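take this sequence and fold it.
(2 chains)
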Amino acid sequence: MTPKKVLRKEKEEPRIGVYVCHCGLNIGGVVDCAQVAEFAASLPGVVLSKHNLYTCSEPGQELIKVDIRESRLNRVVVASCTPRLHEPTFRAACQEAGLNPYLFEMANIREHCSWVHLHDKEEATEKAKDLVRMAVARSRLLAAQETFTVPVTRKALVIGGGVAGIQAALDLADSGYKVYLVEKEPSIGGRMAQIDKTFPTMDCSICILAPKMSEAGRHPNIELLTLSEIETVEGYVGNFTVQVRRKARYVTPSCTACGDCAKVCPQVAPDEFNAGLSMRRAIYMSFAQAVPSTYQIDMDLCLNKHGIVACDKCFQACQRQCIEYSQKDLILTLDVGTIIVATGVDVYDPTPLTEFGYRKFPNVITSLEFERLINAGGPSGGNLIRPSDQKIPKTVAFLQCIGSRSKRSNIYCSNICCMNTIKDVLLIKEHWPETKIMVFYIDIRAFGKGFEDLFQRARREGVSFIRGIPGEIIEDPTTHNLTLIGEDTLLSQLYRYDVDMAILSVGIEPRKDSPVIQRLLNLSCASDGFFLEAHPKLRPVDTPTGGIFLAGCAEGPKDIKDSVTQACASASRANILMSQGQVTVEAITAVVDETLCQGCGMCVKVCPYSAIRQDPETQIVQVTQASCAGCGTCVAECPFSALSQRHFTDQQIFAQIDAITEEAPETKAVAFCCNWCSYAGADFAGVSRMQYPAPIRIIRTMCSGRISGEFMEYAFRRGAAAVLVSGCHIGDCHYINANHQTEKRVKRLWKKMERLGLDRNRLQLAWISAAEGNLFAKKMKEMDEIIAGVSPEEIEKTKKSLVPKKKGKEESTE
Amino acid sequence: MIKSIWELFNKEDLFECYQCARCTGSCPAAMAMNSYGPREILLRCLNLGQEAVIGDERVWYCTTCNVCEDRCPQEINIPELLTAIFNLAAQRGNLPEKIKFGVDMIAKTGRSLIVNDKVLKERQKLSLPALDPLNIDEIEGILKKTGLNEIIELS
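Model prediction:
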């Protein structure tokens, strides 16, 4: 594809319309919107300036459209919420009125202003004026851009074969798309296959899951890849190339699961599916209903692991000759248009909570171990037995919130444990009605459909619910009976209860290997480690990366019903992309001015996508538009200003810095934030109403890699008291590794400032993720202290010493 | 001199307590003295204010062994809260007799237990060295600096 030149209309005078939104009282309650609108009217290029209650409403949008037509506006600025929320809304409105959507600009005076300066109305109004000034200055330099479309491959990849992954795969396959269902374990089924009954209906878990599993196994559109892991992911929305390692199974698909092989196998190990409560052989099938219904060899355990056939008992026993010791891993390359991430969860391991004696006292077990014990297909044939003496316990205690709601383990509520315990106590009562059961809890959360009914049923069965988690469990070493010591908070009285068995109702947590998937797919994680959705309310199954969706517990703890609901939702979202068959790519790619390019090749080195090619003869570079993701790192790196990023040009960013530093620059800090992490983090601080000092002014770029040293220096030259450069954490960059360049540039300027005898503390670098609103607010407080500590002499000295290297670089746009 | 325990302890830390009672369930002082429990002290501070605990002699059962802090899921430093309560209570002269006696002993002898002929003989039997009188200048200094000597009428 040939590089597209920046579309330049004939120079026309900017006719800017500014709309200041009250957002009800969200902005209007703090910022004096009328005053801001009046101020905006005085800015050069602004032909009309209005303030209204809800600009995003139908009449609000209509007003913009009418003004574009009647007042011949050629730029529109809306000062309201974050562009991450309503930029698409207003762009669409502009387009409907015949204005190129890239001539629209937003000032974020809600998340970055009114919500974070609730108690300082004057400061907030002043900041809102500055933010509008910045937006107007940028809008004057905006240019119309043409978007282009790329085709979407009509195939999907589902990572994870638990109930969510199965559901998503079935929905997409039924819609007629080819689906690759990749599962790490030997069988699909996931956690749900391990559970005995489901709440609140007490349905048998495997009985309702197994039909779905076999349907997925035989569906003509589903290619099941078990014992498989994702190795690499390349490409972008609609056009992903994924490499999958399909590990050797050592048993061919003609296996009939007769089990003759396992009977003769001499090697044993704890059975993972039964939570280690029973043993399996080296050749085994995870569970009776496994799909595919094929045995496999655990080669780490098999005597033939070193490639020499030391034992061939299973080979001899297999009548159909399905065993192949020489099988090798296969690397498969899949082309898919959409990816659904349904990687599920791990169960919390309570060993670190030594006061409960898990792993020390045999009769202290976890709720997952309980599921296997009470399951008819489990190691005890469905008998709840004490591990110490295989006797059926007469008194049983459940301890809630183990590994949840705690700073010592996981801070969040695991969502499922309350109802799981209530289901468990009813199961015990069903089989052994005489059992005395105590549930030690802090709060019982029975919020879902049918949940409260089940809770009441458990109470009517005579289960004691005791408010107060035991401080510790002690054991009688001869009988292995347990004593629970704690306080009943409702009676304000200490208790000592003797029980035969204690079940720790453990929480769930992100999978230990989820960082691998996170890196491969460039996903964001919330502070609790679960994958972050694009918007918590309105795009709950989308990720910020186009074409990738979330389903099930990978996004957060949830029960089976919610997992299935979310799986259907993500399948539907993926379906939309694939049925359209093409997707529009934002016009924010880099373009080359071939007359300025000197062929140094610096841009080629920093491009994370290898989207820049250098002509072997002329050395002049070209950007492949379809591969360019629009981070702008190459633009910041180019020493000759030969590269520019559409919609994020140098001139536009300089104009924003100019606007910030126009009045009292010595009281302000210029912050550069990347769209995906730190800008989103600032939005999150706003949504959470975290209050912080006002002197910060944020310039948004797609990636922190877009920020050149020149921007930072220019801000200092203009007299700014401090500069903050902020992006995604290293390793979490949305543009693979572009923020490494950011770090290098900041370090380079630090050195330069030191050399010139300047206070390098005034240049700050911070990695803030989209979920770290508190960190952003904390950083703002730090910046405020830095600003307070900068002397006028220091600022003057900086202005003089940080002289631009080259003549001719845009010094001022005014 | 302090006016409020919140000068020594960050009140906001207490807002995180959700009354799971693991502290009281782990407390050796509560095992010995059933009327005492850190969870209740914490809730009283929060809901009824510091006056509800300053005059309460039960708080002095706490030996600041730190097990409660160790097991608190919200990582609240409960012994520090108790220490703040001790300080304000002592300042107001709300010291139980037994505590006063202990302080008095330390002020006079530098030791919290009585050393008499019987103790010395016992030590001799066990071939332990004799206990010489201690230099208590430093202790006097501490008592003066903390103002404890004014609160307790040292005998």
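
switch to C-alpha atoms for all contacts and neighbour counts from now on
OK.

can you give me the helices for chain B?
Taking DSSP state H as the criterion, chain B carries its helices at B:11-14, B:22-26, B:28-32, B:38-48, B:51-54, B:67-71, B:78-91, B:97-109, B:117-125, B:137-146, B:148-151.

lowest-confidence stretch among the ones you listed?
Here the lowest mean pLDDT among the helices of chain B goes to helix B:148-151, at a mean of 79.

okay, buried residues for it please.
Within helix B:148-151, the residues that qualify as buried are B:148, B:149, B:151, counting by 16 or more other CA atoms under 10 Å in any protein chain shown.

again with stretch A:638-646
Of all the residues in stretch A:638-646, those buried under the rule 16+ other CA under 10 Å are A:638, A:639, A:642, A:643, A:644, A:645, A:646.

ok, residue A:563 - contacts?
Applying CA atoms under 8 Å, 6 or more residues apart in numbering or on different chains, we find residue A:563 in contact with A:163, A:164, A:551, A:552, A:553.

can you tell me the SS state at it?
The three-state label given to residue A:563 by DSSP: H, G, I helix; E, B strand; the rest coil is helix.

relative to residue A:372, how far out is it?
As for residue A:563, its distance to residue A:372 is 22 Å (criterion: CA to CA, to the nearest Å).

next, residue A:403: phi, psi?
phi 90, psi 10 (degrees, to the nearest 10).

and the closest residue to residue B:91 other than its chain neighbours, how far is that from residue B:100?
Distances taken as CA to CA, 6 or more residues apart in numbering or on different chains put residue B:151 closest to residue B:91, at 6.6 Å, once the chain neighbours are dropped. Distance, residue B:151 to residue B:100, by CA to CA: 10 Å.

same deal with residue A:245?
Residue A:245 is 74 Å from residue B:100, where distance means CA to CA.

next, count neighbours for residue A:144.
A count of neighbours around residue A:144, defined by other CA atoms under 10 Å in any protein chain shown, yields 20.

residue A:308 now?
Using other CA under 10 Å, the number of residues around residue A:308 comes to 10.

and if you look at residue A:798?
By the measure other CA under 10 Å, the count of residues near residue A:798 is 23.

in a strand, it, correct?
No: Residue A:798 is assigned helix when assessed by three-state DSSP, not a strand.

and it, how close does it get to residue A:787?
From residue A:798 over to residue A:787 the distance is 14 Å, taken as CA to CA.

how about residue A:414?
When distances are taken as CA to CA, residue A:414 and residue A:787 turn out to be 42 Å apart.

how about the residues of chain B that lie near chain A?
Residues of chain B that fall close to chain A, judged by CA under 8 Å from any CA of the partner chain: B:18-27, B:31, B:34, B:40, B:71, B:73-75.

can I have the buried ones of those residues as a PyMOL selection?
In PyMOL, a selection of the buried entries from the residues of chain B next to chain A looks like this (16+ other CA under 10 Å):
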select buried, chain B and resi 19+20+21+22+23+24+25+26+27+31+40+71+73+74+75
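
how about the nearest residue to residue A:541, chain neighbours excluded?
For residue A:541, the nearest residue in space outside its immediate sequence neighbours is residue A:550; the separation is 5.0 Å by CA to CA, 6+ apart.

which one's more surrounded, residue A:245 and residue B:100?
Comparing residue A:245 with residue B:100 by other CA under 10 Å, the one with more neighbours is residue A:245, at 21 against 18.
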